[in-house]
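S.K.: My questions concern the predicted model and sequence given below.
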Amino acid sequence: MDYARFVRLRRPVWEAFERQLAASGRRPSHADLEETALRYRQVLHDHALAAARYPGTAAAQRLRSLAVEGTHRLIRDGRNGREDDGLVRFFTRTFPALFRLHLPLIGVAAALFLLSIFWGLAITAFRPSLGTAILGPAAVAGLEEGRLWTESLVTTTPPSVSSSSIATNNVSVALTAWIGGLLAGLGPLYVLVTNGLLLGSVLGLTLHYSMGGELLEFISAHGFLELTLIVVASAAGLGVGRAMVAAGDRPRSLALRDAGRDSLKLLLGCLPWFVLLAAVEVFVSPRPELPVSLKLVLGLSLETAFLALALYPHRQATRDSQ
Amino acid sequence: MADLQRESILTLDNIRLDLPIAGIGSRTLAAIVDYLCLAVLWILWILASLLTFVALKDVPWVATWAPVVNLGGLFLLDWGYFAGQEIATGGRTLGKRALKLRVLTAEGGAPGAWALLARNLVRSLDLVFGIPLMALDPLARRLGDRLAGTLVVHDRGREAALFIGRVPPGWGPRELTLVEALLARAGTMDDAGRVRDMAEQVLRRIERDAPELLARIDTRSDPVAAIRRALEVEEG
C-alpha cells in the first residue's frame, strides 16, 4: 500500500480515536470502551506499519503520538484493579496481608533491634562515661539530681508543640528507614542499630543512676508500640533492600517495584499510630500524677490493638491478596 | 519532536512503541522550578501562620494550636508537595507542567497513587544519587523511578500535521519527510529566497518523477503553494 492510500484509508480511524480520547473525561459506556479499545489496537497496528514503512513521516509521527496517548489513557497501573483501596479496606485487608507477608523480615528486624539494645546496655554498664556523650551533660546532670530529661517535654515547651514535633520526628524516622532500603538495606539497618544502641545506653545510664524505674514508667504508655512501629518500618525498608540485593528469579526492576509498593503500604499503615503515640508521649507519659498501672495498661492496650489489627483478619486478607 | 531521546516499550500484541523520554536536563530544570515553588509555598505558609497567630492571639486555643498547624503544614509541604500534585494531576507537578513533562509507568500507562507516592518519598536520596543515575540510564530513571516502575516523558500534546494525498512513484519516506518538513516550516522561515529555492528543487523532482501531477498548476508565482496543490496536501 502506498503512503497516500494508507493515509486516506486509515485517517478516519485515527481521527475517531483522537475524538474518543478527547471525550474520555466523561464516564464512558461499556460500548464506548469496547470501541475505544478496538480503535487503540488499530492505531497500534497502523503505528507499527507506519514506523516500519514510512518512518519520520507526518503519519508515523501522528500515530506514535496517538499510540503513546492511548496507552497512557487505557493502561492503568495497579494489580487486581484495587489500586484505589478505601481506608477501611486498606486497614482491614491490605495492611494485615502485608504485615503477614513481611513477618520474617519483621522478625529479623526485631532480633537486630534487641541485639543492639543489649549492646548499648552492655557498653554503658562497662563505660558509664559513654552515656554523657550520648545523652549530653545537661541530661546526665539532671539524672545526678534525680530528674529525668523527659520532664522538659511538658515544662519547657507547650505539650501541643512537643506532641507535633515528636510525631513529625517519628514519622520522619520511619520514612528514613524505608527510604534507606534503597541503599541495599543499609538505611533500615542503621536506624535499627542506632535506635537500639541509644535505647540500650539510655536504659543502662538510668539504671546506673537508679532511675531505671522512672524511665520505664515514662515509656510504659507509648514505648511498646513505638518500638514495634520502628521495627515494622525498618522491616519495610529491609523488604526494599532485599529486592535490590536478591531479586530471585524475577527481573530486578519488577521485584523492586512490587517490594516498593508492598513495603510502602506496610509503612503507611503504621503512620497514623505514630501520631497517636506522639499525643500519648506528651499528654500521658510525663504526668507523674497518673498511676504507673494506668500507663502500663494503656501501653499494652495500644500494642495489642495494633497487633490485633495487623494479625487478626489475616486469613481473609491473604485470600484476597492472591 | 525528532530531536528527542526515545526508548522503546512493548505494547499490546508486542508492538514496539517509542516513548519520548525526558532527559536529565529537562528533568533537572523541572525540579529546580518545583523547588523554587516549594520555597515560595514555605515562605507563604510561615507568613500566613504568623499573621493568623498575631491577629488571633487573644483567642485561647490559637496560641496552643497555631504552632501545631504550622509544623504540620511544613511537614506536609516537605513530604507531600510532589506526591500530592502528581496524584492529583496524573503525574504532573508545576515544574513538569512548565517543561511539558509527564510521569508514565514503564509500560506507558497511567501510574497509580502508590507508584506516584513511592517515587516522590525517596527524593531525599535522589538529591544525592538521582543525577548520576539519570545520566547513566537510557531511560533516565532515578531511584524513585526504579522503585515505582515509572518514567518521565515529554508531553507536547497534539502537533498539527500535513498529510500528502498523492505520492509520485518511487518516492520513499525520505522524500516524504523532506517535503512535509518544508511545507510545515515554510511559513516560519525568515529566508524567503531559500524557501523558494528548496521548493523549486522539489518541484523539479516532481516534474521528473510524475509530470502529470503538475498539469495546469502555476509553479512560478508560488512554488510552495504549487507543491501543496500537486501533492494534494491536507492539514490534519
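M.R.: Yes, it's here. This structure is a prediction, so every number in the text was calculated from the model and none was measured. Residues are numbered from 1 along each chain as shown, chains lettered A, B, ... in the order given.

S.K.: Which strands border the lowest-mean-pLDDT helix or strand in chain B, and is each parallel or antiparallel?
M.R.: Lowest mean confidence among the helices and strands of chain B (mean pLDDT, DSSP states H and E): strand B:6-10, at a mean of 73. Sheet pairing for strand B:6-10, assigned by DSSP bridges, gives strand B:16-20 (antiparallel).

S.K.: Quick check: buried residues in the helix or strand encompassing A:Val173?
M.R.: A:Val173 belongs to helix A:159-179 when elements are defined using DSSP states H and E. Buried residues in helix A:159-179, defined by neighbour count with 16 or more other CB atoms under 10 Å in any protein chain shown: A:159-168, A:170-171, A:173-179. Where C-beta positions appear, they are placed from N, C-alpha and C, glycine not excepted.

S.K.: on that earlier part again, got the contact list for the least confident helix or strand of chain B?
M.R.: Outside strand B:6-10, the residues that touch it by CB atoms under 8 Å, 6 or more residues apart in numbering or on different chains are B:16-21, B:106-108, B:138-139.

S.K.: Mind picking the two most distant members of those residues?
M.R.: B:Glu107 and B:Pro138 (16.5 Å; CB to CB).

S.K.: Who has more neighbours out of those two?
M.R.: Applying other CB atoms under 10 Å in any protein chain shown to B:Glu107 and B:Pro138 shows that B:Glu107 carries more neighbours, namely 16 against 9.

S.K.: Phi and psi next, for the residue of chain B at minimum distance from chain A.
M.R.: The minimum distance from chain B to chain A, using CB to the nearest CB, falls at B:Gly109 (3.0 Å). Phi and psi for B:Gly109, reported as degrees, to the nearest 10, are phi -90, psi -180.

S.K.: got it, and the one 3 residues further on?
M.R.: Torsion angles at B:Gly112 (phi, psi; degrees, to the nearest 10) stand at phi -80, psi 170.

S.K.: That one - how many residues pack around it?
M.R.: Residues near B:Gly112, counting by other CB under 10 Å, number 20.

S.K.: how near is it to B:Glu86?
M.R.: 11 Å (CB to CB, to the nearest Å).

S.K.: re earlier: what comes up buried for the least confident helix or strand of chain B?
M.R.: B:Ile9.

S.K.: Can you give me the domain assignment for chain A?
M.R.: A:3-81, A:97-320 (automatic domain parsing).

S.K.: so can I have TSV of those domains showing distance to chain B and mean pLDDT?
M.R.: Output for the domains of chain A, formatted as TSV (distance: least, CB to the nearest CB, whole Å; pLDDT from 0 to 100):
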stretch	distance to chain B	mean pLDDT
domain A:3-81	3	85
domain A:97-320	4	85
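
S.K.: would you list these in CSV and tack on distance to B:Leu183?
M.R.: Shown next, in CSV, are those (distance: least, CB to CB, whole Å):
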stretch, distance to B:Leu183
domain A:3-81, 9
domain A:97-320, 43
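
S.K.: same for the helix holding A:Val173, what does it pack against?
M.R.: helix A:152-155, helix A:186-208, helix A:223-245, helix A:252-283, helix B:60-89, helix B:113-121 (3 or more CB pairs under 8 Å, 6 or more residues apart in numbering or on different chains; DSSP states H and E).

S.K.: nearest to B:Ala186, of those?
M.R.: B:Ala186 lies closest, by CB to CB, to one member of those: helix B:60-89, at 36.9 Å.

S.K.: What is the distance between the helix or strand following the closest one and the centre of its chain?
M.R.: Toward the C-terminus, helix B:60-89 is succeeded by helix B:94-99 as the next helix or strand (DSSP H and E). Here helix B:94-99 is found 9 Å from its chain centre; the criterion is CA atoms, centre = their mean, to the nearest Å.

S.K.: and helix B:94-99 with chain A, contact?
M.R.: No: using CB under 8 Å from any CB of the partner chain, helix B:94-99 never reaches chain A; the gap is at least 14.1 Å.

S.K.: For the helix or strand just after that helix, give the mean pLDDT please.
M.R.: The helix or strand immediately downstream of helix B:94-99 is strand B:101-105, counting by DSSP H and E. The average pLDDT within strand B:101-105 is 94.

S.K.: Just want the angle from strand B:101-105 to helix B:113-121.
M.R.: For strand B:101-105 against helix B:113-121, the angle by axes from the mean of the first three to the mean of the last three CA atoms, to 10 degrees is 120 degrees.

S.K.: Is chain A within reach of the longest helix anywhere in chain B?
M.R.: Determined from DSSP state H, the single longest helix within chain B is helix B:24-55. No: Helix B:24-55 does not reach chain A (CB under 8 Å from any CB); its nearest approach is 12.6 Å.

S.K.: which helices and strands does that helix pack with?
M.R.: Counting contacts by 3+ CB pairs under 8 Å, 6+ apart, helix B:24-55 packs against helix B:60-89, helix B:94-99, strand B:101-105, helix B:123-136.

S.K.: Go again with 6 Å.
M.R.: Contacts defined by 3 or more CB pairs under 6 Å, 6 or more residues apart in numbering or on different chains; DSSP states H and E place helix B:24-55 against helix B:60-89, helix B:94-99.

S.K.: Now do the buried residues in the first one.
M.R.: Buried residues in helix B:60-89, counting neighbours by 16+ other CB under 10 Å, are found at B:62, B:65-71, B:73-75, B:77, B:79, B:81-87.

S.K.: pLDDT score assigned to A:Glu83?
M.R.: Looking at A:Glu83, its pLDDT reads 51.

S.K.: give me the number of residues near residue 196?
M.R.: If you meant another chain, say so; for now it's chain A. By other CB under 10 Å, 23 other residues sit near A:Gly196.

S.K.: That was the other one, I meant chain B.
M.R.: B:Arg196 is flanked by 14 other residues according to other CB under 10 Å.

S.K.: Which residue is the nearest non-sequential neighbour of it?
M.R.: With sequence-adjacent residues excluded and distances taken as CB to CB, 6 or more residues apart in numbering or on different chains, B:Arg196 is closest to B:Pro223, at 5.8 Å.

S.K.: ok, the one you found - contacts?
M.R.: Under the criterion of CB atoms under 6 Å, 6 or more residues apart in numbering or on different chains, the neighbours of B:Pro223 are B:196, B:199-200, B:203.

S.K.: Mind checking which of those residues land in helices?
M.R.: Using DSSP H, the contacts of B:Pro223 in helices are B:196, B:199-200, B:203.

S.K.: Report the buried members of those.
M.R.: When the ones in helices among the contacts of B:Pro223 are checked for burial by 16+ other CB under 10 Å, the buried set is B:199-200, B:203.

S.K.: Can you lay out those residues as TSV showing pLDDT?
M.R.: Listed next are those as TSV, based on pLDDT from 0 to 100:
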residue	pLDDT
B:Ala199	91
B:Glu200	91
B:Leu203	91
